[in-house]
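1. when you get a sec, could you give me coordinates for this:
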Amino acid sequence: MNERQDHAVGEEPSMKSMKSSFFAKLFLNVFLVAMIPLLLITAVLYGFSERIFRSSIEEESLSYVEEVEKDVVSLYSFYEEAVLRLSKDPLVLEILEKQAVTREETRDLYEKMYLLFSGRTSEVSLYILGTNGVTLFASDTLPKHYDTKNYSSWGVLRKVSELPGEVVFHSASQRERDLHDKSLTAAMGITMEETFKGVILVDVHREAFSGILQGKSQGNIWEAAVLNEIGNVLYAKNSLLEEGRPLERDTGHSFYDRRGSFTAEKEGSDFYGTYLKSTAYPFEVLTYASLSDVESNARYLLKNLLYIGTLTLLISLLASYRISKSVSKPVKDLVHHMKKIEKGDFSERFQTDRTDEMGELMERYNKMAKRLDLLIRNMIESRDRLKKSEMKMLQSQINPHFLYNTLDTIKWMAKMGESEEVVTLITNLAKLLRISLEDAEEYQTVDMNLSWLKSYLEIQKARYDDDLTYEIHVEESLYERKIPKLLLQPIVENAILHGLDGKGKIVVKGYEEEERIVFEVEDDGKGMEEDQRRKLLSEHSGEGIGLLNVHKRIELYYGKGYGLEIKSKVNQGTRVRMVLGEGGL
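-> Numbers count the residues shown, from 1 in each chain. Below you'll find the predicted structure:
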């Protein structure tokens, strides 16, 4: 009981720290219960709002590029059809055949042009070129690179020569745009009876694309552009992209996918890019939508959520404090009573008239303390009785058998007149009987145990006519250490009777190892098989019952992990290792 009291006093935290710790934990938990849902709702709302704003921009951008793509397809289709019609017009074929044109034919060509490009004449230029640099018709100043004699292997002239009879599209370079304000050229090479006769070219000016892109509702779209098949900008609505230049490849835009989106930074701002490639013609539509509105709207929502959260925080703090106070008061009383219980004072009981769960807890605690007090007392008494019982059982197994053999030896020595040896033997026997029959202290010094063991070995040595020899090597630092008595003798006895058959050598060693006391008893006898070795510490083993008792006693004193370890090989002897702790129970 005193041990329990000392332990409780040594580890008992102050009442104030216990109360403060419980109150702090309770307050924190109540506060978190109130705040966590709010924080989760705030995070979810903020996350969803940003996602909704961004989704709105994504839908707007996708809708925009789809509408523009349809209109640009119509534009390409219109000019493709116009070139095809011109390539089949009798007048055009006639002047290409003869590589010459009259004024009247020129006037007729202008009329056909106005009719063919009705409403769009301001956004196009028409050229009909013969071979060897002959210009048959030009509605505008003929660009230098349209000279069929000197530039037939360059640009659009090269394309039509490679694909005669097909309409090809060619995007203008930056220089061509600056000089002629054009974005795109639709052209076809004309052949007659497998002979190349010339080229029909229709230059489409920037205003043709401007009319499409500028006419669309802009919303969050900051920039819209039309690109050719290799990523060069045909037309850009604003100044974010430069016409005639290739699109930067580090923007996140894919040149292989038909459609997609990406995020890019331009001019210090973040943009959401969307692109759609046409399957009918060699172009794609690209838009950039500003993400600043998304961030602005999200910040506005977050600001309002923070205002609401701050107000809720203050309310939660006040409510948590009041709830924690009301719950911690009865817990404080409970801790006060537990303090006395932990010191070993089981007489303390709660006096309460509460009828709620806390009152039931106090009542049950009273019953538990009463039962625990009775249980601990019974356990201590049972342990003491068990120790004494184990000790007496071991002594009862050793003494009668050993005493008979020793007295028989004394009788024969007396008959043979060996009086001195009889005196020595009787003296050693008396010492053994005194120590083994005493019911005083359970623990004895190692020195006393060794003295008793030497007496026992001397008796055994006399019985076996000095065929038995022994050595004892124990560290002097262990002599004053106390261990339970009657532990070494059963091990030595087992070695003599079962290991040596009375003949051979016994070596006893004692030393300290990692704060444990270790004894080893080793013989040079016949040893044993592995199965026999395992059975020595078995409940069902007939042999070595003394070893089993010693092992169980050590476990009783010191706990699991302590006891006997046996190693043996046939014809190579046996070693029993006994491991003890620093103190008993």
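2. element containing Gln420, please.
-> Careful, residue 420 is Glu; it's not Gln. helix 419-437 (DSSP states H and E).
3. just the buried positions in that helix, please.
-> Residues of helix 419-437 classed as buried by neighbour count (16 or more other Cβ atoms under 10 Å): Val422, Thr424, Leu425, Ile426, Asn428, Leu429, Lys431, Leu432, Ile435, Ser436. Where you see a C-beta, it was placed from the backbone N, CA and C, and this is true even at glycine.
4. what's near enough to touch the fifth one?
-> The one in question is Asn428. When the contact criterion is Cβ atoms under 8 Å, 6 or more residues apart in numbering, the partners of Asn428 are Ser455, Tyr456, Glu458, Ile459.
5. same check on the third one?
-> Applying Cβ under 8 Å, 6+ apart, we find Leu425 in contact with Thr406, Thr409, Ile410, Met413, Glu458, Ile459, Ala462.
6. what's the separation between it and Val521?
-> Between Leu425 and Val521 the distance is 23 Å, computed by Cβ to Cβ, to the nearest Å.
7. same question for the fifth one.
-> Asn428 is 19 Å from Val521, where distance means Cβ to Cβ.
8. check which element follows the helix holding Glu420 along the chain.
-> Remark: after helix 419-437, the chain's next helix or strand is strand 443-445, criterion DSSP H and E.
9. just checking, next helix/strand downstream of that next one?
-> Per DSSP H and E, the first helix or strand lying C-terminal to strand 443-445 is helix 446-463.
10. what about the contacts of Leu425, which one has the most neighbours?
-> Of all the contacts of Leu425, the most densely surrounded is Ile459 (23 neighbours; neighbours counted as other Cβ atoms under 10 Å).
11. got the confidence number for that one?
-> The model reports Ile459 with a pLDDT of 84.
12. wait, it touches Thr406, no?
-> Yes: contact status for Ile459 versus Thr406: in contact at 5.5 Å, counting by Cβ atoms under 8 Å.
13. give me the common contacts of these two.
-> Going by Cβ under 8 Å, 6+ apart, residues that sit against Ile459 and also against Thr406 are Leu425, Leu429.
14. how long is stretch 538-547 end to end?
-> Taking Cα to Cα, to the nearest Å, the span from the opening residue of stretch 538-547 to its closing residue is 10 Å.
15. just to revisit the earlier point, of all the contacts of Leu425, which comes closest to Lys144?
-> Distance to Lys144, by Cβ to Cβ, is smallest for Glu458 among the contacts of Leu425, at 130.9 Å.
16. Ile483 versus the closest one, what's the distance?
-> From Glu458 over to Ile483 the distance is 21 Å, taken as Cβ to Cβ.
17. please apply the same query to Glu265.
-> 80 Å.
18. so those two - more neighbours on which side?
-> Neighbours of Glu265 and Ile483, each counted by other Cβ under 10 Å, are more numerous for Ile483; the result is 25 against 11.
19. for that one, give the beta-bridge partners.
-> Applying DSSP bridges to Ile483 yields these beta-bridge partners: Gln444.
20. let me know the secondary structure of Glu512.
-> Three-state call for Glu512 (DSSP: H, G, I helix; E, B strand; the rest coil): strand.
21. that one: neighbour count?
-> There are 13 residues near Glu512, going by other Cβ under 10 Å.
22. residues touching it, list them.
-> For Glu512, the set of contacting residues under the criterion of Cβ under 8 Å, 6+ apart consists of Glu475, Ser477, Leu478, Val518.
23. which stretch of helix or strand covers the spatially closest residue to Leu39 that is not a sequence neighbour?
-> Counting by Cβ to Cβ, 6 or more residues apart in numbering, Leu39 lies nearest to Gly309, which is 7.7 Å off, once chain neighbours are set aside. Element membership for Gly309, per DSSP H and E: helix 292-342.
24. now Val30
-> Secondary-structure element containing Val30, defined by DSSP H and E: helix 15-88.
25. how far does that helix sit from its chain's centre?
-> Counting by Cα atoms, centre = their mean, to the nearest Å, helix 15-88 is centred 27 Å from the centre of its parent chain.
26. in the helix or strand just after it, which residues are buried?
-> The C-terminal neighbour of helix 15-88 among helices and strands, as given by DSSP H and E, is helix 90-98. Using 16+ other Cβ under 10 Å as the burial criterion, the residues of helix 90-98 that qualify are Leu91, Val92, Leu93, Ile95, Leu96.
27. what of stretch 446-462?
-> Going by neighbour count (16+ other Cβ under 10 Å), the buried part of stretch 446-462 is 446, 448-450, 452-453, 455-462.
28. next one: stretch 547-562
-> Burial within stretch 547-562, assessed by neighbour count using 16+ other Cβ under 10 Å, is assigned to Leu547, Leu548, Asn549, Val550, His551, Lys552, Arg553, Ile554, Leu556, Tyr557, Tyr558, Tyr562.
29. repeat that for stretch 574-582.
-> So, applying 16+ other Cβ under 10 Å, buried residues of stretch 574-582: Thr574, Arg575, Val576, Arg577, Met578, Val579, Leu580, Gly581.
30. which ones among those map onto strands?
-> Among the buried residues of stretch 574-582, the members falling in strands are Thr574, Arg575, Val576, Arg577, Met578, Val579, Leu580 (criterion: DSSP state E).
31. in what helix or strand does the closest residue to the fifth one other than its chain neighbours lie?
-> The shortest distance from Met578 to any residue that is not its chain neighbour, by Cβ to Cβ, 6+ apart, is 4.4 Å, and that residue is Phe519. Element membership of Phe519, judged by DSSP H and E, is strand 516-523.
32. next: His170.
-> Following DSSP H and E, the helix or strand that holds His170 is strand 168-171.
33. what separates that strand from the chain centre, distance-wise?
-> From the chain centre to the centre of strand 168-171 is a distance of 56 Å (Cα atoms, centre = their mean).
34. ok, that strand: who's next to it in the sheet?
-> Partner strands and pairing direction for strand 168-171 (DSSP bridges) are strand 182-192 (antiparallel).
35. the strand it pairs with - what's its average pLDDT?
-> In the prediction, strand 182-192 has an average pLDDT of 88.
36. any low-confidence regions in the stretch 201-350 of the chain?
-> Low-confidence regions of the stretch 201-350 of the chain, defined here as pLDDT under 70, cover residues 217-219, 249-255, 293-302, 324-328.
37. buried sites along stretch 25-35?
-> When burial is assessed from 16+ other Cβ under 10 Å, stretch 25-35 yields the following buried residues: Leu26, Phe27, Val30, Phe31, Ala34, Met35.
38. and stretch 504-524, by the same measure?
-> Buried residues in stretch 504-524, counted by 16+ other Cβ under 10 Å: 504-510, 517-524.
39. nearest to Tyr76 among those?
-> When the buried residues of stretch 504-524 are compared for distance to Tyr76 (Cβ to Cβ), Val518 comes out closest, at 97.1 Å.
40. how about that closest one, what does it touch?
-> Listed by Cβ under 8 Å, 6+ apart, the contact partners of Val518 are Gly510, Tyr511, Glu512, Arg577, Met578, Val579, Leu580.
41. SS state for His473?
-> When the structure is reduced to helix, strand and coil (three-state DSSP), His473 reads as strand.
42. and what of Lys197?
-> Reducing the assignment at Lys197 to three states with three-state DSSP gives strand.
43. measure it to Val168 for me?
-> From Lys197 over to Val168 the distance is 17 Å, taken as Cβ to Cβ.
44. do the same with Gln214
-> Relative to Val168, Gln214 is positioned 27 Å away (Cβ to Cβ).
45. what of Ser269?
-> Taken as Cβ to Cβ, the span from Ser269 to Val168 is 38 Å.
46. neighbour count winner among these two?
-> When neighbours are counted by other Cβ under 10 Å, Val168 comes out ahead of the other of Ser269 and Val168, with 19 against 13.
47. which residues touch that one?
-> Contacts for Val168 were tallied using Cβ under 8 Å, 6+ apart; they are Val156, Lys159, Val160, Ala186, Ala187, Met188.
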